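S.K.: Pasting a predicted model and its sequence here:
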Amino acid sequence: MKKLRLFIAGAFVLGTLASCEKEEVTTSKNEDQTPNQTKEQVGNGVGGSLAQFTIVGDYLYTIDYRTLNIFNLTSPDNPQLTETIDMGVGMETVFHQNGRLFIGSTDGVHIYDISDPRNPQELSQFEHVTSCDPVVANDNLALATLRGGTECGGVLSQLDVIDISNINMPTLIGEVELGNPYGLGLSEVDPNIVYVCDGMDGLKAFNISNPSNPDMVMSDVNLEPLDVIADGTDNLIVLSRMGVYQFDASNPTQLIQKSFIPVQ
């Protein structure tokens with residue numbers, strides 16, 4: 001099944017490499033689905049940090065530039081659009097963690113509670129300079145890359161580390177200057193490791209055990225990565241301009257390549 005998920009991720013790369021400047025690289029590692037699936041078989045969707053959709057329980061959340069759409073998947077073969085919510089402008093990416101949606105936008109990170117899945121409630125917002133902004137999170141930290149020099153605006157290219165231990169008051173506690181960052185992802189082996197796709201500067205890993213001072217512990221300049229998906233404790237999928245890489249990530253800072261699917 002891992003091979004199937006890898007091919008799905010590769011298919012998304014084919015359709016998105018040309019538009020990655022608009023942060024529209026969308027990734028997924030959902031299980032193989034058939035029209036006769038029950039809602040128990042749908043599960044939760046897991047995508048890369050550049051994804052514009054996520055599945056949480058019986059609901060699919062999708063965003064476009066200004067709208068959050070909510071679909072009921074109780075009948076997976078007949079999804080129903082239940083809500084369309086105007087979010088303002090500049091919405092780019094969506095990431096789910098622990099009953100919350102983290103929406104990356106050109107002006108910051110918006111955090112929503114989805115305890116009521118059809119009625120998201122904004123908890124807080126972390127504002128930054130205008131920039132393209134994918135985001136991932138764990139229980140205590142949100143991490144976002146800002147990429148300057150694009151149509152999103154802004155000139156800064158960096159990793160922001162945001163304290164969300166008080167979810168109603170997110171606070172910037174760390175910054176790392178980067179070259180040309182795209183997506184990012186947290187290791188499932190070591191919660192203190194975050195992978196950052198720094199474009200032509202390669203795939204980097206940072207130790208965030210001291211979140212105010214992230215320490216780069218790995219750099220692979222042979223890749224030009226766009227997004228990364230931690231697929232279990234021993235698998236890391238890296239989407240790049242050249243294709244889809246699969247690594248053994250059981251040691252999160254010493255990746256061993258297992259496979260590669262070229263994209264031409």
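M.R.: Nice, thanks for sending it over.
S.K.: State the three-state secondary structure for the residue most central in space within the chain.
M.R.: For the chain, the residue nearest the mean C-alpha position is residue 49 (1.1 Å; Cα atoms, centre = their mean). Here residue 49 is coil, with the state taken from DSSP: H, G, I helix; E, B strand; the rest coil.
S.K.: Next up, the contacts around it.
M.R.: 93, 95, 104, 134-136, 145, 183-185, 227-228 (Cβ atoms under 8 Å, 6 or more residues apart in numbering). All C-beta spots, glycine's among them, are computed from the backbone N, C-alpha and C.
S.K.: Go ahead and confirm residue 72 touches residue 78.
M.R.: No - Residue 72 is not in contact with residue 78 according to Cβ atoms under 8 Å; the separation is 9.4 Å.
S.K.: So these two - more neighbours on which side?
M.R.: More crowded of residue 72 and residue 78, by other Cβ atoms under 10 Å: residue 72, with 17 against 9.
S.K.: If that one is in a bridge, with which residues?
M.R.: Bridge pairing for residue 72 (DSSP bridges) gives the partners residue 59, residue 80.
S.K.: Contacts only, for it.
M.R.: 58-59, 79-80, 82.
S.K.: so where's the stretch 51-200 of the chain shaky on pLDDT?
M.R.: Within the stretch 51-200 of the chain, the set of residues satisfying pLDDT under 70 comprises 128-132, 148-155.
S.K.: how about the strands of it, start to end?
M.R.: Here the stretch 51-200 of the chain has its strands, by DSSP state E, counting those that start in this stretch, at 53-56, 59-63, 67-72, 80-86, 91-97, 100-105, 108-113, 121-127, 135-137, 141-146, 158-163, 171-177, 184-186, 193-197.
S.K.: Export the ones you listed as JSON lines, with columns for distance to residue 232.
M.R.: Converted to JSON lines, these look like this (distance: least, Cβ to Cβ, whole Å):
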{"stretch": "strand 53-56", "distance to residue 232": "18"}
{"stretch": "strand 59-63", "distance to residue 232": "23"}
{"stretch": "strand 67-72", "distance to residue 232": "27"}
{"stretch": "strand 80-86", "distance to residue 232": "31"}
{"stretch": "strand 91-97", "distance to residue 232": "17"}
{"stretch": "strand 100-105", "distance to residue 232": "22"}
{"stretch": "strand 108-113", "distance to residue 232": "27"}
{"stretch": "strand 121-127", "distance to residue 232": "30"}
{"stretch": "strand 135-137", "distance to residue 232": "16"}
{"stretch": "strand 141-146", "distance to residue 232": "20"}
{"stretch": "strand 158-163", "distance to residue 232": "24"}
{"stretch": "strand 171-177", "distance to residue 232": "27"}
{"stretch": "strand 184-186", "distance to residue 232": "13"}
{"stretch": "strand 193-197", "distance to residue 232": "15"}
